[in-house]
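# give me the fold of what follows.
(2 chains, ligands or ions: 1)
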Amino acid sequence: MVTGWFTGEGEGFRLLGTRCSACASVFFPREDVLCRNPGCPGGDLREVPLSRRGRVWSYTDGRYRPPSPYVSDPELPWEPYALIAVELAEERLVVLGQAVPGVTVADLTVGMEVEVVPGVLNEDAETTWTTWHWRPTGVGA
Amino acid sequence: MTGEVAVLGTGMHPWGKWGRSFVEYGTAAARAALDDAGVDWRDVGSVVGADTVRGGYPGYVAGATFAKALGWQGARVTSVYAACASGAQAVGTARAQILAGLADVVLVVGADSAPKGFFRPAGGDRADDPDWLRFRILGATNPTYFGLYARRRMAMHGDTPEDFARVKVKNSALGALNPYARYRKRVTAEEVAASAVVADPLRLLDICATSDGGAALVLSSMEFARRHGVAEPVRIRAVSTVTPRYPNTVLDLPDIATDSAVAVAPPEETFRASIARAAYEEAGVGPEDLSFAEVYDLSTALELQWYEDLGLCGEGGAAKLLRDGGTAPGGRIPVNASGGLASFGEAVPAQAIAQVCELVWQLRGEAGDRQIEGARVGISANQGLFGHGSAVVAVR
Ligand SMILES: [Zn+2]
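Next up is the predicted model:
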């Protein structure tokens, strides 16, 4: 549904951003047209993988089914998932993402380390929509 | 001061889920504001509407819709969209027109018929829209963002769910005194704690509902007010409608990520704090001059955040200010004497205008049982999706 936001498999999985060649600003989701730094003369924006790991900035969950365009099966009972906002130290930005299935808010604290892993957003008979998930480090796959 | 405009009239339609058209709410509010001002609609030189979506209509409508409903009379017309800041931008536009001499009397109107349940983005596959993306990829509703801010405050400042509940208890007690509020029932801390978790750590009674509603103002030049026989009107002294500064490092609706602070150091103040500062600078007042404040309590935890962003207390001091009664009636700086969004619910284009109505009623001494004694300076503050910030300072 969005192309070029992440790449790779297993340990090689990475979120993809872009970096401005003129001012070194990093953007996620990727910014491919214009550098948004108001003091930048403007440079080429080049794809760059983001840090695999970061620290929890905050977290929450959704106890009620979100509306469309989120895809979920209305026939099945709603299973809440945690959402984690993660601060990447190197890029100095915060990226929001779903936690891996099975990790709940009870498993999380602000400041703990998490890593990015591939995940499935939803699937139907023809297509599997992949995404990124955050997983506390030290938790097995 | 040269920058001031007079508030001649205020009007509101009661908030709730009435199931009627936004045109009806806005027109009722407009008529009430014109009555209050003692101004004939045909003498209004300009109408500024805060936009809403009309089902099936290609886009947002407001100004001309209300003008048509009130009866075409040839006034200048403007429609503005700035999400939750739409109403403040409408006030700002009206003020600019008056100060520029383009109009002497301006009617400002905002109204909406809110959808049931969560707000959601417009339809279609729109991967270029951050609002669509956050729902599609993350299922991140507005309450999930409020939950993130609440949890962050707990971790950084030691706020507790009991503190959040105190905000609801305070605001519901005030809403019970406001005839325009949707919820007129006092809520106890036990009731908040017993309500369902929506987005951890926030519960149903920590989060404001969606509502129908309408609000309107009649603004004029100071000279018109005098000619009109109003020697001492409530005056609007500042309208801040600012954007964030790069890099915006606090995760915010509807974005999935913040700006990076790698190339440019983050500004010393957050976006919300800059909204208030811009208004204070324009008005020539500071937080110490305020008699009261109206802030966007989309969640109970967010109201606490505003205390700090408005400079009512230092960073991390909000829960203590609340616990000590500082923001309750009779306290140092009462906040959301109207009952806030906790009592009104969200009718997006109307709510920033409704905040200004409350400023005016308080400053006129017309707020009834919720009146703040000796109110002289009030501020309203809110933040709209996609980088719109607004605050209004009114004085008497
Ligand atoms: Zn740049």
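# all contacts plus neighbour counts: C-alpha atoms, from now on.
Noted.
# what parts of chain A come near the ion?
A:C20, A:C23, A:C35, A:C40 (CA under 5 Å from the ion).
# which among these are in contact with chain B?
Among the residues of chain A next to the ion, the ones lying near chain B by CA under 8 Å from any CA of the partner chain are A:C23.
# of the residues of chain A next to the ion, which is the nearest to B:A352?
A:C35 (32.6 Å; CA to CA).
# and that closest one, what are its phi and psi?
When read as degrees, to the nearest 10, the backbone of A:C35 gives phi -70, psi 130.
# might one say that B:L138 is in contact with A:V95?
No - at 11.4 Å, B:L138 does not count as touching A:V95 under the criterion of CA atoms under 8 Å.
# so what's the residue sitting furthest away from the middle of chain A up against?
In chain A, the residue that sits farthest from the middle, by CA atoms, centre = their mean, is A:P41; the gap is 29.0 Å. Going by CA atoms under 8 Å, 6 or more residues apart in numbering or on different chains, A:P41 touches A:A22.
# what's the helix or strand for it?
Counting by DSSP states H and E, no helix or strand carries A:P41.
# per-residue pLDDT, it?
pLDDT recorded at A:P41 is 95.
# low pLDDT regions in the chain?
Because you didn't say which chain, this covers chain A. A:1, A:139-141 (pLDDT under 70).
# try chain B instead
B:1-2, B:55-59.
# which stretches in it count as strands?
Using DSSP state E, the strands found in chain B span residues B:5-16, B:46-50, B:52-53, B:60-61, B:76-80, B:105-112, B:197-199, B:202-203, B:212-220, B:234-242, B:292-295, B:377-384, B:388-395.
# I'd like to know which of the ones you listed lies nearest to chain A.
strand B:197-199 (5.0 Å; CA to the nearest CA).
# secondary structure class of the residue most central in space within chain A, three-state.
Chain A has A:G97 as the residue nearest its centroid, 4.2 Å off, counting by CA atoms, centre = their mean. Under DSSP: H, G, I helix; E, B strand; the rest coil, A:G97 falls in the strand class.
# any idea how far it is from the ion?
26 Å (CA to the ion, to the nearest Å).
# what's that residue in contact with, if anything?
Taking CA under 8 Å, 6+ apart, one finds A:L83, A:I84, A:A85, A:V86, A:W132, A:H133, A:W134, B:L138, B:I256 in contact with A:G97.
# about what we covered before: gap between the residue farthest from the centre of chain A and B:Y307?
38 Å (CA to CA, to the nearest Å).
# next one: A:G97
29 Å.
# with B:E223 instead?
35 Å.
# ok, for B:P143, nearest residue in space, not its chain neighbours?
B:A199 (6.0 Å; CA to CA, 6 or more residues apart in numbering or on different chains).
# so the one you found bridges to which residues?
The partner list for B:A199 in beta bridges (DSSP bridges) reads B:L202.
# OK, contacts around the residue most central in space within chain B?
For chain B, the residue sitting closest to the mean C-alpha position, by CA atoms, centre = their mean, is B:A352 at 3.1 Å. Taking CA under 8 Å, 6+ apart as the contact definition, B:A352 lies against B:C84, B:A85, B:S86, B:G87, B:A88, B:S380, B:A381, B:N382.
# give the burial count for A:G138, as a bare number.
9 (other CA atoms under 10 Å in any protein chain shown).
# where's it, which helix or strand?
Going by DSSP H and E, A:G138 is not in any helix or strand.
# ranges for the helices of the stretch 101-250 of chain B?
Counting by DSSP state H, counting those that start in this stretch, the stretch 101-250 of chain B has helices at residues B:130-133, B:142-157, B:161-175, B:189-194, B:222-227.
# quick check: buried residues in the third one?
This means helix B:161-175. By 16 or more other CA atoms under 10 Å in any protein chain shown, the buried positions in helix B:161-175 come out as B:161, B:163-175.
# what do you get for the fourth one?
Of all the residues in helix B:189-194, those buried under the rule 16+ other CA under 10 Å are B:A189, B:V192, B:A193.
# quick check: closest non-adjacent residue to A:D61.
A:A82 (4.2 Å).
# oops, could you answer that again for B:A257 instead?
Per CA to CA, 6+ apart, closest to B:A257 is A:V95, 4.4 Å.
# enumerate the residues of the stretch 51-200 of chain B near chain A.
So the stretch 51-200 of chain B meets chain A at B:118, B:120-121, B:123, B:127, B:132, B:135-141, B:143-144, B:147-149, B:151-152, B:155, B:197-200 (CA under 8 Å from any CA).
# just the buried residues of these.
So, by 16+ other CA under 10 Å, the buried ones in these are B:118, B:120-121, B:132, B:135-141, B:143-144, B:147-149, B:151-152, B:155, B:197-200.
# pretty sure A:G62 sits against B:N142.
No - between A:G62 and B:N142 there is no contact under CA under 8 Å: 10.1 Å.
# looking at these two, which one has more neighbours?
A:G62 (23 against 20).
# for the more buried one, give me its contacts.
A:P80, A:Y81, A:A82, A:L83, B:A140, B:T141, B:P143, B:T144, B:V198, B:A199, B:D200.
# the residue nearest to B:P143 and B:G284, how far apart?
39 Å.
# and A:P118, by the same measure?
From A:P118 to B:G284 the distance is 53 Å (CA to CA).
# got it, and B:E303?
24 Å.
# neighbour count: the two, which is higher?
B:E303 (22 against 12).
# give me the more crowded residue out of B:E223 and B:Y307.
B:Y307 (25 against 14).
# does that one touch B:A319 like I think?
No - contact between B:Y307 and B:A319 fails when scored by CA under 8 Å: they sit 9.1 Å apart.
# so which of the strands of chain B comes closest to B:A33?
strand B:5-16 (4.1 Å).
# helices or strands next to that closest one in the packing?
helix B:22-37, helix B:86-99, strand B:212-220, helix B:222-227, strand B:234-242, helix B:348-364 (3 or more CA pairs under 8 Å, 6 or more residues apart in numbering or on different chains; DSSP states H and E).
# looking at those, which is closest to B:R277?
Checked against CA to CA, the stretch from those lying closest is strand B:234-242, at 8.7 Å.
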